[in-house]
Every structure is written in structure tokens, then in C-alpha cells.
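A.B. asks: Dropping a prediction and its sequence here:
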Amino acid sequence: MSKQNDATARRKARVRRAIKAVANGRPRLSVYRTGKQIYAQVIDDAKGVTLASASTRDKDLRAGIKSGANVEAAGQIGKVLAERAVKAGVTEVVFDRGPYMYHGRVKALAEAAREGGLTF
């Protein structure tokens, strides 16, 4: 394993520990991004179930998104995820940014999810 992967794994574990400490039974909004796409899920860790998900790879969202690797696409995914989560009965979540900085696409997704009705 390379040093970069070790650092990423440590950062991800550190964030996950902090989230677990403050979650109080709330589902986790997890973000995963690649160079071309962004994915988000609302996960109930107690049951081990995904309650809602959205990504730039969804067929119904792909037509309205020019590129999955920009802030505008992340904002759209955040809004769609919030709609799906509220429909599933989830309004309060804890935000899991993973090993990524709260900046750019991750920040845009989080802010759009807040506008869509999620509280964190």
C-alpha cells in the first residue's frame, strides 16, 4: 500500500470516529467522489441499510447533467438526495465527508442537501 492510501485511510477513519461519537442514532450522509462522478447515500448504520442514494450515474439525472465532475452537478445531486431522503422519512442526518476536504463539490452537495430539507 502506498503512503497516500495510508494517509487517506487514516483520514477517513478519523472522520468516521468523530461522526460515530456525535451521531446519536441519526443516519449518515456519506459522500464519495471520483474524478468524473459524485455519489451520495443516506445510510442507517444501526440497521446497515441504505435509505436513499443519488449519483451522477443515475439514468434519470444523467440527461440534465453536462459533467459529473463539477460543482453544479454536485448541487443537483444534493437536492435530489435530500428529496429522496425526506420522502423516506429522514430529515436529520450527520454529514460524512470521508477523506475529502469540505470544499468544492463536497461543499456544494452538502449545501444543496440542506436547502432540500436535510438538517446537519
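C.D. replies: Okay, I see it.
A.B. asks: quick one: contacts for the residue nearest the centre of the chain?
C.D. replies: If you average the C-alpha coordinates of the chain and look for the closest C-alpha using C-alpha atoms, centre = their mean, you land on residue 31, 2.8 Å from that point. When the contact criterion is C-beta atoms under 8 Å, 6 or more residues apart in numbering, the partners of residue 31 are 38, 39, 40, 95, 96, 97, 98, 100, 106, 109, 110. Quick note: C-beta positions are derived from backbone N, CA and C, even for glycine.
A.B. asks: just the buried members of those residues?
C.D. replies: 38, 39, 40, 95, 96, 97, 100, 106, 109, 110 (16 or more other C-beta atoms under 10 Å).
A.B. asks: that's a strand at the third one, yeah?
C.D. replies: Yes. With the criterion set as DSSP: H, G, I helix; E, B strand; the rest coil, the secondary structure at residue 40 is a strand.
A.B. asks: From here on, call the first residue 682.
C.D. replies: Got it, first residue is 682 now, which makes that one residue 721.
A.B. asks: Surely it touches residue 756?
C.D. replies: No. The pair residue 721 and residue 756 does not pass the contact test of C-beta atoms under 8 Å, sitting 11.5 Å apart.
A.B. asks: Surely residue 712 is within a strand?
C.D. replies: Yes. Secondary structure of residue 712, determined by three-state DSSP: located in a strand.
A.B. asks: I'd like to know the beta-bridge partner residues of it.
C.D. replies: Taking DSSP bridges, one obtains residue 721 as the residues bridged to residue 712.
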